[in-house]
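1. Structure for this input, please:
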Amino acid sequence: MRTIALIPARYAATRFPGKLMSLLGGKTVIRRSYESAVATQLFEDVIVVTDSDIIFNEITACGGKAMMSLKEHACGSDRIAEAAERLSPVDLIVNVQGDEPFVERAPLEKLLAVFSEPGGESVDLVSLMHRIDRPEQIDNPNCVKVVVDQNRKALLFSRSRIPFPRDNSDLIYFRHIGVYAFRLQALIEFYHSPETPLEKAERIECLRYLEMGKNIKMVEIPGMGIGIDTPQDLMAAEQYLAKN
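-> So this is what the prediction gives:
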């Protein structure tokens, strides 16, 4: 199967505008994310898809591949779906977030392997999660939580505390990591469907897939470095980079 990675890169992030062009260890966040995806050697192509001339020039100046979006998009899936329709046919598309500069080969291999497992033919998309070990993250709206069934199929995503511990204080909480692998058809159907009520309320794009009835399989991993959502995350990432 032909597999490519697309990296949606919006310049005007709501919580941290311009974060992708912030320096992290002497390189921009978006360049680190791009180079990390290329270094996995899992993809026939890695392309940054952006609305910004600044980001486009940053990637192409270092020899990377980038595409400009043709119109405005509310979420990363819409942005890469538009790009996918303009590319030659592909089977699987991995959405590597532009603010995930520490992405590694192992979790992405696990992500892609799901499609080849027994029952994998019924999976529309696969995403990553890890156990939350810092209690303060459970109620942090910047930390998206996911609830899964016994087969690791996603039941719900939320910025709120889910599940709610009404009678059980020993629950395990999972943080959703916004890295996805899509079958092309699922991505295109998403793109041509309107925003759904839960998606609008929470601003979590994978809720549209659930509301459309898509089968989302989650893969648990120990962690994947630090995603850059806030200036505080960038400082933590600097510390992480210095130690690793």
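2. can you give me how far the longest helix anywhere in the chain is from the chain middle?
-> Criterion DSSP state H: the longest helix present in the chain is helix 231-243. Counting by CA atoms, centre = their mean, to the nearest Å, helix 231-243 is centred 19 Å from the centre of its parent chain.
3. Can you tell me what sits against it?
-> Here helix 231-243 makes contact (CB atoms under 8 Å, 6 or more residues apart in numbering) with 16, 19, 22, 24, 25, 29, 101, 102, 225, 226, 227, 228. Using the backbone N, CA and C atoms, a C-beta is placed for each residue, glycine as well.
4. So which of those residues sits lowest on pLDDT?
-> Minimum pLDDT across these is recorded for residue 225, with 72.
5. Next, the closest residue in space to it that isn't next to it in sequence: secondary structure please.
-> Using CB to CB, 6 or more residues apart in numbering and skipping the chain neighbours, the partner closest in space to residue 225 is residue 102 (2.4 Å). At residue 102, secondary structure determined by DSSP: H, G, I helix; E, B strand; the rest coil is coil.
6. Now residue 102: phi and psi?
-> phi -110, psi 20 (degrees, to the nearest 10).
7. quick one: contacts for it?
-> Taking CB under 8 Å, 6+ apart, one finds 32, 36, 224, 225, 226, 237, 240 in contact with residue 102.
8. ok, it to residue 240 distance?
-> 7 Å (CB to CB, to the nearest Å).
9. Show me the domain layout of the protein.
-> Using automatic domain parsing, the domains assigned to the chain come out as 1-103, 113-177+184-222.
10. can you list the ones you listed in JSON lines and add distance to residue 244?
-> Below are the domains of the chain laid out as JSON lines (distance: least, CB to CB, whole Å):
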{"stretch": "domain 1-103", "distance to residue 244": "8"}
{"stretch": "domain 113-177+184-222", "distance to residue 244": "14"}
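11. would residue 94 count as being in a strand?
-> Yes - assessed by three-state DSSP, residue 94 belongs to a strand.
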